[in-house]
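Novice: any chance you can model this:
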Amino acid sequence: MRTQEDTVPRSTMALEEVAARLEIQALLTRYTVAIDTHDWALLDTVFTADAWIDYESSGGTKGPYPEVRRWLGDVLPLLPRKQHLIAAPHLTFDGDRARARTYVHNPNAFPQPDGSSVYMIVDAYYDDDLVWTEAGWRIAKRVEVQVMRRDGQ
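Specialist: This next block holds a predicted model:
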């Protein structure tokens with residue numbers, strides 16, 4: 001016979017892991033806010049100083065964070081209307097390191113001289129290697145993998 005105790009799911013996740021998951025979700029959200037608002041100082045709180053970033057699958061660049069940050073500063077103002085929508089990440093932990101796969105839906109609108117817009121929608125995922133630092137969780141490596149792209153009016 002089953003007791004009530006048998007039917008209540010038991011959590012095996014330690015409180016430290018729950019806290020880490022919430023902190024990483026906040027980090028990933030901070031990335032989207034920084035990118036969409038061009039807040040480069042906020043973006044600096046997302047990546048380690050020596051992070052490696054690869055946006056090539058979506059037509060972007062790859063390289064060390066300082067170079068990619070400069071490229072973002074040059075390119076993103078050309079996309080005045082954009083939004084990065086992310087799903088909750090799939091996370092695995094190994095001590096003070098973690099891996100995350102986060103799916104992203106990224107609609108962009110390019111204003112045209114006649115007032116209309118041309119749209120580009122990118123669906124992708126980010127594969128991230130994260131590390132715990134004195135300042136909290138940071139992304140040490142990011143690879144964006146474009147799944148599909150739609151262009152049109």
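
Novice: now name the helix or strand holding residue 70.
Specialist: Secondary structure assignment for residue 70, by DSSP states H and E: helix 65-75.

Novice: can you pull the buried residues of stretch 16-34?
Specialist: By 16 or more other Cβ atoms under 10 Å, the buried positions in stretch 16-34 come out as 20, 21, 24, 25, 27, 28, 31, 32, 34. Using the backbone N, CA and C atoms, a C-beta is placed for each residue, glycine as well.

Novice: for these, which one is nearest residue 96?
Specialist: residue 20 (9.5 Å; Cβ to Cβ).

Novice: with just CA atoms, put stretch 117-129 into PDB.
Specialist: C-alpha atoms of stretch 117-129 as PDB (Å, rounded to 0.1, in the frame of the first residue of the first chain):
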ATOM      1  CA  SER A 117      10.200  47.000 -42.500                       C
ATOM      2  CA  VAL A 118      12.000  44.000 -43.700                       C
ATOM      3  CA  TYR A 119      12.100  41.200 -41.100                       C
ATOM      4  CA  MET A 120      14.700  38.600 -40.400                       C
ATOM      5  CA  ILE A 121      13.900  35.900 -37.700                       C
ATOM      6  CA  VAL A 122      16.700  33.700 -36.400                       C
ATOM      7  CA  ASP A 123      16.000  30.600 -34.400                       C
ATOM      8  CA  ALA A 124      19.200  29.200 -32.800                       C
ATOM      9  CA  TYR A 125      20.700  27.900 -29.600                       C
ATOM     10  CA  TYR A 126      23.700  28.900 -27.500                       C
ATOM     11  CA  ASP A 127      26.000  26.200 -26.200                       C
ATOM     12  CA  ASP A 128      27.800  27.800 -23.300                       C
ATOM     13  CA  ASP A 129      30.600  26.800 -21.000                       C
END
